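K.L.:
Here is a sequence together with a model predicted from it:
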Amino acid sequence: MSISRRLLTSLACAFAFLAGACGASAEVDAADHFGGAEANQAEIDAALAELTEISTETAAESTETAAESTESAAESTESATNNGDPGQHSLLISFHSDGLPVYGPLDVDGQPPTDLDECSGHVGPTPDADRDTYHYHVLDGQDPASIEAEGCGR
């Protein structure tokens with residue numbers, strides 16, 4: 001649904017006009033469009049109803065997009081945890097802001113690591129390195145962005 005540019009401009013000027021905040025030319029435009037100080041209340045009400053409907057639709061779309069993002073993140077974490085190879089290290093989920101890799105909750109034996117430091121990291125093999133390296137693990141349900149890495153790693 002679209003609303004005409006003229007209607008939006010006029011509506012904005014009408015509100016400003018009624019509040020005494022429009023410049024002289026905007027006051028003339030608003031007065032011309034809405035009939036002066038005695039604005040056409042039905043037209044204003046219709047415009048407000050249309051703007052409310054647009055706002056409600058936009059809010060619903062934003063909520064739907066946020067839900068899809070949350071679902072996608074959950075699927076990503078689940079994929080990293082259940083990589084299809086029992087007894088294997090979790091897959092790479094992301095990289096931390098310090099540049100180090102973040103993996104799902106399983107270590108090389110397919111079990112959660114038991115030697116994580118206070119930053120949820122440890123030195124060990126990963127599917128993406130040919131030598132032991134410091135990396136982080138997210139625990140089940142943990143957001144990778146919640147890993148506090150100051151003073152850990154390298």
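P.N.:
Looks like it came in fine.
K.L.:
what about the closest residue to Glu150 other than its chain neighbours, neighbour count?
P.N.:
Excluding the flanking residues, the one nearest Glu150 by Cβ to Cβ, 6 or more residues apart in numbering is Cys119, at 7.8 Å. Heads up, the C-betas are built off the backbone N, CA and C, glycines and all. Cys119 has 18 neighbouring residues, counting by other Cβ atoms under 10 Å.
K.L.:
Equivalent analysis for Val108, please.
P.N.:
14.
K.L.:
list the contacts for Tyr136?
P.N.:
Neighbouring residues of Tyr136 by Cβ atoms under 8 Å, 6 or more residues apart in numbering: 96, 100-103, 119-121, 144, 147, 149.
K.L.:
Which members of these occur in strands, if any?
P.N.:
In strands, defined here by DSSP state E, the members of the contacts of Tyr136 are 101-103, 121.
K.L.:
got the CA coordinates for stretch 106-118 in CSV?
P.N.:
Taking Å, rounded to 0.1, in the frame of the first residue of the first chain, the C-alpha atoms of stretch 106-118 are listed here in CSV:
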residue,chain,number,x,y,z
LEU,A,106,31.3,-30.2,20.8
ASP,A,107,35.1,-30.9,21.0
VAL,A,108,37.0,-33.4,18.8
ASP,A,109,35.5,-36.5,20.6
GLY,A,110,32.0,-35.2,20.0
GLN,A,111,31.6,-34.3,23.6
PRO,A,112,31.6,-30.9,25.3
PRO,A,113,35.1,-29.7,26.1
THR,A,114,36.0,-30.0,29.8
ASP,A,115,39.0,-27.6,29.8
LEU,A,116,37.4,-24.3,28.7
ASP,A,117,38.9,-21.2,30.3
GLU,A,118,36.8,-18.3,31.7
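K.L.:
domain assignment for the protein?
P.N.:
5-79, 85-154 (automatic domain parsing).
K.L.:
where among these is the average confidence lowest?
P.N.:
Comparing mean pLDDT across the domains of the chain, the weakest is domain 5-79, with a mean of 65.
K.L.:
pretty sure Gln142 contacts Ser120?
P.N.:
Yes: shown here, Gln142 and Ser120 form a contact pair, counting by Cβ atoms under 8 Å, at 7.5 Å.
K.L.:
For those two, indicate the residue with more neighbours.
P.N.:
Neighbour count, other Cβ under 10 Å: between Gln142 and Ser120, Ser120 has more, with 22 against 16.
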